[in-house]
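Peer 1: what follows is a predicted protein model with its sequence.
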Amino acid sequence: MTQKKNSFSANQAFKLIDVGNDGYIDKDDMRKFFSRHSLYVPDKELQALIERYDKELTGKINYNQFLSELTAKKIF
């Protein structure tokens, strides 16, 4: 019997956090995601996460921004 390898894609991760299912992750999506996993994160910290990854300054993280942060970076 072969054992099936569990895999998890960046797309699946994005969809889990994008609670509003609108193609973006915003502060409310993050709050709901963390709450669903019994974690409390203060608004200040949620805002800091959005600001860290939101390169376009829209208040939302799109899939490309999310993927960019998951991609290995070259260190010179």
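Peer 2: Looks like it came in fine.
Peer 1: need the CA coordinates for the strand or helix carrying residue 65. PDB is fine.
Peer 2: If you go by DSSP states H and E, residue 65 is part of helix 63-70. Provided in PDB are the C-alpha atoms of helix 63-70 (Å, rounded to 0.1, in the frame of the first residue of the first chain):
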ATOM      1  CA  TYR A  63      -2.500  36.600  -3.900                       C
ATOM      2  CA  ASN A  64       0.600  37.800  -5.600                       C
ATOM      3  CA  GLN A  65       1.800  39.700  -2.600                       C
ATOM      4  CA  PHE A  66       1.000  36.700  -0.400                       C
ATOM      5  CA  LEU A  67       2.900  34.300  -2.700                       C
ATOM      6  CA  SER A  68       5.800  36.700  -2.900                       C
ATOM      7  CA  GLU A  69       6.300  36.400   0.800                       C
ATOM      8  CA  LEU A  70       6.200  32.600   0.700                       C
END
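Peer 1: who does that helix touch, helix- and strand-wise?
Peer 2: Packing contacts for helix 63-70, counted by 3 or more C-beta pairs under 8 Å, 6 or more residues apart in numbering; DSSP states H and E, involve helix 10-17, helix 43-53. Bear in mind the C-beta positions are built from the backbone N, C-alpha and C, glycine included.
Peer 1: next, the angle from it to helix 43-53.
Peer 2: 90 degrees (axes from the mean of the first three to the mean of the last three C-alpha atoms, to 10 degrees).
Peer 1: list of residues touching helix 63-70?
Peer 2: Outside helix 63-70, the residues within contact range by C-beta atoms under 8 Å, 6 or more residues apart in numbering are 10, 11, 13, 14, 23, 25, 53, 54, 55, 56.
Peer 1: give me the below-cutoff pLDDT ranges for the protein.
Peer 2: 1-6, 72-76 (pLDDT under 70).
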